[in-house]
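Asker: Following is a predicted model, sequence given first.
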Amino acid sequence: DAKTTQPPSMDCAEGRAANLPCNHSTISGNEYVYWYRQIHSQGPQYIIHGLKNNETNEMASLIITEDRKSSTLILPHATLRDTAVYYCIVRSDSSARQLTFGSGTQLTVLP
Amino acid sequence: EAGVAQSPRYKIIEKRQSVAFWCNPISGHATLYWYQQILGQGPKLLIQFQNNGVVDDSQLPKDRFSAERLKGVDSTLKIQPAKLEDSAVYLCASSLSITGANVLTFGAGSRLTVL
């Protein structure tokens, strides 16, 4: 599975959009981009995933560039409860392999 | 639906002692995972089950760690004897299937401190 690169930390003002970038320049054509987050003292939580089209659900939006080498997770109106470590993971859905977590981005939402 | 249940939430032991963690996945989830998360790092997979068979245990330190999933439902992870470096949170996760959209549901984890 392709490797991802994320900034180690980011801050965002409460009520503003949080834009979390992820680089996956070696992504293959059949690999999806997954986002999970982990709030302090909890297990990771699935947010969203996509292949090439932009995706939106009740939690967030995922924007994938046309060349698929990078993506951005958008939390449209960040709240204090969105403070967490956000993990970007690339994986093929035809693979039996597990998700491989990196170090992620620590997002801190400031009041 | 009920989430992934894990117990105990916290455990403190001395090195060379043994410990066991229990996981009850979401009903109907065929795939079960155990991850180890050391402070400040992302979770690392220890073992992956499909029903009651092992799919991947390549990163499980087999000289001290063991895991089983009896009847393809509950699972137990055991460490014997424990070392200081085993201090970590042990996360259990489950998913509907092994391929396809890999949406894992995680439990809250079991925090182990080895003194």
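Answerer: Yep, that arrived.
Asker: shaky segments in chain B?
Answerer: Applying pLDDT under 70 to chain B flags the ranges B:1, B:98-100, B:102.
Asker: can you rerun that using 80?
Answerer: For chain B, the stretches with pLDDT under 80 are B:1-2, B:97-102.
Asker: Residues of it that sit close to chain A?
Answerer: Residues of chain B lying near chain A by CB under 8 Å from any CB of the partner chain: B:4, B:33, B:35, B:41-45, B:48, B:50, B:55-56, B:91, B:93, B:98-109. Glycine gets a C-beta too; all of them are placed from N, C-alpha and C.
Asker: Out of the residues you listed, name the ones that lie in strands.
Answerer: B:33, B:35, B:44-45, B:48, B:50, B:55-56, B:91, B:93, B:105-106 (DSSP state E).
Asker: For ChimeraX, write the select line for the buried members of those.
Answerer: This is how ChimeraX selects the buried members of these, with burial counted by 16 or more other CB atoms under 10 Å in any protein chain shown:
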select /B:33,35,45,48,50,55,56,91,93,105,106
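Asker: what about residue 60, neighbour count?
Answerer: Chain wasn't specified; assuming chain A. 19 (other CB atoms under 10 Å in any protein chain shown).
Asker: looking at chain B here, not the other one
Answerer: 19.
Asker: quick one: it and B:Gln48 touch, right?
Answerer: No - contact criterion CB atoms under 8 Å: B:Leu60 and B:Gln48 do not qualify, at 9.7 Å.
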